[in-house]
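[1] Sequence and predicted structure, then a few things I'm wondering about:
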Amino acid sequence: GQILSEITEMRLRLKSNLAKLAENAAKLLFSEREIFTFSQSESIYMALQYLARIKQHDPVINILESHPGEEGILFANRIADLGYKVHLYPDLNAGAVIRQSDIILVGADRLLNNEFFNKSGTSIILNLAHAFHKQTVIVSDLSKLVPLSEFMVGRFDPETDETFVAESEKIAKKFYRFERISYDYVSRFSTEIGNFEFEDFRSRYLV
């Protein structure tokens, strides 16, 4: 019926947008020798897949393991299957790896007016990138954009997870899967409609 038709159309539009995003993001990577990415991001994967397909050059992909969930290990395997030389590092090596990388890529689970949501650890990545004067790029399609007035933002606060049990019953072992992150150290945005300097993107879409 009509609902099924609308769902099909929405899926096709999202697939088309992700393909355009991949092509745009790949343009930022043509001349980079070492690319750093964090955790798993389908948008970043598709950009690297597009870059591998056109074979402009063969950069090294640097990834952290991303404990406790080990998303980085899973992502490293996917990227290696594309033919890239992948270097996988423990999380504690984040500073050294970012320092040697040429560009820093992160995804986004939600884009709010003044902050964005992504995997925990993203804020540390951006702070280190800023300290080492690296270009940082959010790679995300605009379907992640949730323009909210500030009084509503608190409803999106992440909650802790207790999946990992501590050895002692006296300890409640917790961790955050996601976090809210400031845009302060974001250099650029890559989307399905183009690549933007951050302040340009903010003035157009984060209002």
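    Structure received.
[2] so how far is residue 17 from residue 30?
    To residue 17, residue 30 is 21 Å away according to C-beta to C-beta, to the nearest Å. The way it works is simple: take the backbone N, C-alpha and C, and place the C-beta from them, glycine included.
[3] the more surrounded of the two?
    Using other C-beta atoms under 10 Å as the criterion, residue 30 and residue 17 rank with residue 17 on top: 17 against 11.
[4] The more buried one is in what secondary structure piece?
    For residue 17, the host element (DSSP states H and E) is helix 2-27.
[5] Any chance you could list what contacts the helix or strand following that helix?
    Going down the chain from helix 2-27, the next helix or strand is strand 34-37, by DSSP H and E. For strand 34-37, contacts defined as C-beta atoms under 8 Å, 6 or more residues apart in numbering pick out 29, 44, 48, 59-63, 75, 97-98, 100-106, 125.
[6] out of these, which are inside strands?
    Residues from those lying in strands, with DSSP state E as the criterion: 60-63, 103-106.
[7] Include neighbour count, pLDDT and distance to residue 177 when you put these into a markdown table, please.
    Compiled in a markdown table, the ones in strands among the contacts of strand 34-37 are given as follows (neighbours: other C-beta atoms under 10 Å; pLDDT from 0 to 100; distance: C-beta to C-beta, whole Å):
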| residue | neighbour count | pLDDT | distance to residue 177 |
| --- | --- | --- | --- |
| 60 | 16 | 97 | 28 |
| 61 | 24 | 98 | 23 |
| 62 | 23 | 98 | 22 |
| 63 | 25 | 98 | 18 |
| 103 | 21 | 98 | 25 |
| 104 | 26 | 98 | 21 |
| 105 | 26 | 98 | 20 |
| 106 | 26 | 97 | 15 |
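[8] mind listing the helices for this structure?
    2-27, 42-54, 71-80, 94-100, 122-131, 150-153, 198-205 (DSSP state H).
[9] could those go into CSV alongside distance to residue 192 and mean pLDDT?
    Listed next are the helices of the chain as CSV, based on distance: least, C-beta to C-beta, whole Å; pLDDT from 0 to 100:
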stretch, distance to residue 192, mean pLDDT
helix 2-27, 4, 78
helix 42-54, 9, 94
helix 71-80, 21, 96
helix 94-100, 27, 98
helix 122-131, 21, 97
helix 150-153, 25, 49
helix 198-205, 12, 94
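[10] Can you check which of the ones you listed gets nearest to residue 140?
    Nearest to residue 140, of all the helices of the chain, is helix 42-54, at 5.8 Å by C-beta to C-beta.
[11] one step back: of the ones in strands among the contacts of strand 34-37, just say which sits nearest to residue 140.
    For the ones in strands among the contacts of strand 34-37, the nearest to residue 140 is residue 106 (8.9 Å; C-beta to C-beta).
[12] so what's residue 103 up against?
    Contacts for residue 103 were tallied using C-beta under 8 Å, 6+ apart; they are 28-29, 32, 35-36, 134-137.
[13] which one among those gets closest to residue 90?
    residue 36 (14.3 Å).
[14] Who is that closest one paired with across the strands?
    Beta-bridge partners for residue 36, by DSSP bridges, are residue 62, residue 104.
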